[in-house]
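# predicted model, plus sequence, below.
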Amino acid sequence: MKVLLVEPDYYSRYPPLGLMKLASYHRSRGDEVRLVRGLTNNENFNPDIIKITSLFTYAWKPVHMAIEYYHHHYSNSEITVGGIYASIMPGRIKTYYPFVDIHVGLFNPSERYLPDYDILKNVDKWSNWNKSIIFSSRGCVRNCKFCIVPKLEGRIKSITTSIQDFIHPDHNQIILWDNNFLASPRNEEILIELQDLGLRVDFNQGLDARLINEKNAEMLANLNVKTYRLAFDYLDERDAVIKAIDSLFNYGVRKRNILIYMLYNFYNNQTGEGDSPEDFLARINDILGVGCAVYPMRFEPLRSLKKGSYISPKWKANQLESIADARRVIGYGGAFPPYEGLIKKFIKAENFEEAFYLRSENRDKYKTKISKSRQKMLA
Ligand code: SF4
């Protein structure tokens with residue numbers, strides 16, 4: 001059987017892991033497999049099955065374009081659509097394209113396979129990819145209202161006792177995609193394994209600060225990690241986040257290597273709870289004040305069809321724009337690092353407006369100031 005795997009042409013920093021596992025699964029069954037990105041003419045390859053993946057709901061257009069293109073070119077092939085958008089809005093896809101099959105959630109039979117990294121060599125965007133992406137667990141112990149994980153993956157479960165078999169022999173970096181690594185029942189065993197392996201590790205989805213304790217802080221600090229990512233989504237988490245930063249610092253992690261993901265623009269329609277511009281600024285000041293960097297994350301509703309269009313009742317459009325603007329002008333790689341100039345600007349501000357609005361005549365001045373602070377800090 002010939003299987004064509006399609007990654008639609010949306011923005012992504014990471015290759016399509018689900019399709020790579022499907023590639024290994026189909027190959028183990030003797031199928032001939034090809035992976036393409038976007039709309040690609042596949043000469044000499046007439047697939048029996050086409051499997052199209054999807055990402056966030058707001059990236060739906062490239063998915064629809066892929067369905068139309070491949071259906072038009074291979075009208076006799078079966079088409080299945082999976083991935084996040086397909087799992088959240090299967091009915092929407094079916095309404096437009098009744099002829100496709102939808103796969104909701106994970107495809108469990110392929111989960112135990114090492115992703116087929118070699119298949120990436122034929123896709124320009126991914127041809128130099130050299131990191132192993134691994135889930136050592138799925139699901140989560142928490143139920144954050146803004147998050148799709150509990151709905152898609154349920155309660156946390158460990159997938160493996162060892163990650164060794166999921167590392168490609170040519171790779172020297174590991175990206176862990178566990179949603180809540182420290183909540184995984186096997187996290188200590190994996191931490192020991194990571195230390196023994198000595199490879200560069202990225203806890204890409206962030207570590208749950210509330211679960212960092214003296215024991216795992218020491219283990220985490222001993223790993224080859226460039227940036228430790230934690231989340232600070234509500235003011236109530238403040239003490240846990242500061243304690244986690246202190247614990248990592250006490251075991252030798254430099255604070256400038258800790259990055260705090262910070263959600264804003266979230267509102268819970270059922271409870272009326274949600275962050276406000278002032279509490280966002282308070283959280284930023286807490287983190288910059290202790291010497292770590294802040295990475296703002298604008299909330300997108302799970303079923304959003306247009307990125308950046310949702311505005312929480314506690315925010316105004318111009319306030320949200322001013323954060324995007326500040327990230328571009330005075331941020332670094334979209335983050336606010338703990339540079340002296342930035343700390344002064346935010347901490348001295350009397351309110352959100354003063355902290356974030358950048359008068360156009362002063363933009364260059366801000367940029368120069370922040371860049372001098374950066375030089376000083378890196379010196
Ligand atoms: S802790 Fe993280 S993964 Fe778990 S529900 Fe909350 S946001 Fe989602």
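Alright, I've got the coordinates.
# could you use CA atoms for every contact and neighbour count after this?
OK.
# beta partners of residue 3?
Per DSSP bridges, the residues bridged to residue 3 are residue 33, residue 49.
# how close does it sit to residue 117?
Using C-alpha to C-alpha, to the nearest Å, residue 3 is found at 17 Å from residue 117.
# what do you get for residue 174?
For residue 174, the distance to residue 117 - C-alpha to C-alpha - is 13 Å.
# now do residue 77
25 Å.
# who has more neighbours, those two?
Neighbours were counted for residue 77 and for residue 117 using other C-alpha atoms under 10 Å; residue 117 has more, 22 against 18.
# wait, that one touches residue 20, no?
Yes: in this structure, residue 117 is within contact of residue 20 by C-alpha atoms under 8 Å, at 6.7 Å.
# same question for stretch 64-73: list its buried residues.
Using 16 or more other C-alpha atoms under 10 Å as the test for burial, stretch 64-73 gives 64, 66, 67, 69, 70, 71.
# any idea which helix or strand carries the last one?
Taking DSSP states H and E as the criterion, residue 71 maps to helix 60-73.
# average pLDDT for that helix?
What helix 60-73 shows for mean pLDDT is 98.
# what's downstream of it, the next helix or strand?
strand 78-81.
# got the contact list for stretch 143-162?
87, 105-106, 135-142, 179, 183-186, 189-190, 193, 266, 268, 299, 301-302 (C-alpha atoms under 8 Å, 6 or more residues apart in numbering).
# same thing but at 7 Å, please
Defining contact as C-alpha atoms under 7 Å, 6 or more residues apart in numbering, one finds that stretch 143-162 is touched by 105, 136, 137, 138, 139, 140, 141, 184, 185, 186, 190, 302.
# biggest separation within those, which pair?
190 and 302 (30.8 Å; C-alpha to C-alpha).
# which ones are touching residue 227?
Here residue 227 is in contact with 257, 258, 259 (C-alpha under 7 Å, 6+ apart).
# try it again with 8 Å
202, 257, 258, 259.
# Three-state assignment for the residue nearest to residue 222 when sequence neighbours are not counted, please.
Spatial nearest neighbour of residue 222, excluding adjacent residues (C-alpha to C-alpha, 6 or more residues apart in numbering): residue 195 at 6.9 Å. With DSSP: H, G, I helix; E, B strand; the rest coil as the basis, the three-state label of residue 195 is helix.
# residues near residue 195, how many?
17.
# okay, now the unreliable bits of the stretch 251-379 of the chain?
Residues of the stretch 251-379 of the chain meeting the criterion pLDDT under 70: 359-379.
# ok and the residue in it nearest the ligand?
Nearest residue of the stretch 251-379 of the chain to the ligand (C-alpha to the nearest ligand atom) works out as residue 263 at 9.8 Å.
# report the beta-bridge partner residues of that residue.
residue 297.
# does the ligand sit close to stretch 220-230?
No: Stretch 220-230 stays clear of the ligand (C-alpha under 6 Å from any ligand atom), getting no nearer than 10.1 Å.
# can you give me the end-to-end distance of that stretch?
Span of stretch 220-230 from end to end, C-alpha to C-alpha: 12 Å.
# in it, what's buried?
For stretch 220-230, by 16+ other C-alpha under 10 Å, it's 220, 221, 222, 223, 224, 225, 227, 228, 229, 230.
# now, which of those residues sits nearest the ligand?
residue 230 (10.1 Å).
# my guess is that closest one contacts residue 207. True?
Yes: counting by C-alpha under 8 Å, residue 230 does reach residue 207; the two are 4.9 Å apart.
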